[in-house]
Structures are given as C-alpha cells and as structure tokens.
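Colleague: Provide a 3D model corresponding to the input given below.
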Amino acid sequence: MTFQPSKTFINLPVSNLQKTIDFFTNIGFTFNPHFTDDNAACMVINDHTFAMLLTHSHFKNFTKKSITDTTDNTEVLIAFAVESREQVDDVVRKAIQSGGSPASEPTDHGFMYQASFLDLDGHTWELLYMEPTSIQ
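Modeller: Below you'll find the predicted structure:
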C-alpha cells in the first residue's frame, strides 16, 4: 500500500501574525477563516496544501525544540511550481514590494526557471516554472 496523505500542512512560526497575513495577502494568497484566529492563520496554497502561520508562543505548543533563528540558519525551503516564468517574477516582485527580500537571483536552467524570496520571518519560498515539454 502506498502512503499518500490527502492534505499537507506546513507549520511556520511568525513574529507578527497580522503583518504576515498582510504580506501573503499582498502576494495573492487567501486564508481559510475557519482555521484563523489571534494565534494562527491558515494560508491556502492550493486545494490540498496549506501553511499554518503560528505566533511564536502558539508554535511552541507543538514542539520542545527552540525556534530556528532564520537570520543565520535555514530550516526549510518551501518550493512550489507555478504556471509561467512571468508568474515566478510577479510573485517574487510582490513579495519584495511587501517587505520581503530576495533569497537568490533568478536562475534559468533552460527547462526550468526559478526565483525565491524570504518572507518577513526569513522563511525561504522558491517558485519554479518547468517547461511542459520537459516533464515527461
């Protein structure tokens, strides 16, 4: 039997929940109000993938480990495919205009184009577009 979860929840600690909601709203994400309150926000990535943005104090309820200092360390790279090279650039541009920062320069591998940004808490988000003919 294959293990195939039906939904994915990425849990990330954030220092200011409302600023983080505003940041991701400016990029174009939406939030599920049924799972959003003063401690957490459920950002919809797609129908099966969500980012749970948790205040530091709420995040600590789920782990005994310390929260990673993203100014010096990378804990996770969150990557997702989008529909076009233009969408890669558009989302990264919106993220930077909303207070994020570039994580790296855009890279063109021929079959794949990618760019990334750091959100307000230093989490790395990578966007990529793969040429449909390269996906066989």
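Colleague: from here on, just use CA atoms for contacts and neighbour counts.
Modeller: Will do.
Colleague: mind listing what's buried in the strand or helix carrying Asp90?
Modeller: Per DSSP states H and E, Asp90 falls inside helix 85-97. When neighbours are counted by 16 or more other CA atoms under 10 Å, the buried residues of helix 85-97 are found to be Arg85, Val88, Asp89, Val91, Val92, Arg93, Lys94, Ala95, Ile96.
Colleague: just stretch 19-35 next, same as before
Modeller: Counting neighbours by 16+ other CA under 10 Å, one finds that the buried residues in stretch 19-35 are Thr20, Ile21, Phe23, Phe24, Ile27, Phe31.
Colleague: and of these, the nearest to Tyr129?
Modeller: Ranked by distance to Tyr129 (CA to CA), those are led by Ile27 at 17.1 Å.
Colleague: could you check the pLDDT of the residue lying closest to the closest one once chain neighbours are set aside?
Modeller: Using CA to CA, 6 or more residues apart in numbering and skipping residues adjacent in sequence, the residue nearest Ile27 is Lys94, 5.4 Å away. The predicted local confidence for Lys94 comes out at a pLDDT of 97.
Colleague: gap between Lys94 and His109?
Modeller: Distance from Lys94 to His109, counting by CA to CA, to the nearest Å: 23 Å.
Colleague: output stretch 78-94 in PDB, but only the C-alpha positions, please.
Modeller: Extracted C-alpha coordinates of stretch 78-94, given in PDB (Å, rounded to 0.1, in the frame of the first residue of the first chain):
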ATOM      1  CA  ILE A  78       9.300  25.800   0.600                       C
ATOM      2  CA  ALA A  79       9.100  25.400  -3.200                       C
ATOM      3  CA  PHE A  80       6.100  25.300  -5.500                       C
ATOM      4  CA  ALA A  81       5.500  25.200  -9.200                       C
ATOM      5  CA  VAL A  82       3.600  28.000 -10.900                       C
ATOM      6  CA  GLU A  83       2.100  28.500 -14.400                       C
ATOM      7  CA  SER A  84       4.700  30.700 -16.100                       C
ATOM      8  CA  ARG A  85       8.100  32.400 -15.900                       C
ATOM      9  CA  GLU A  86       6.100  35.700 -15.600                       C
ATOM     10  CA  GLN A  87       4.300  34.400 -12.600                       C
ATOM     11  CA  VAL A  88       7.500  33.500 -10.900                       C
ATOM     12  CA  ASP A  89       8.800  37.000 -11.400                       C
ATOM     13  CA  ASP A  90       5.500  38.600 -10.500                       C
ATOM     14  CA  VAL A  91       5.100  36.800  -7.100                       C
ATOM     15  CA  VAL A  92       8.800  37.500  -6.200                       C
ATOM     16  CA  ARG A  93       8.400  41.100  -7.100                       C
ATOM     17  CA  LYS A  94       5.200  41.400  -5.000                       C
END
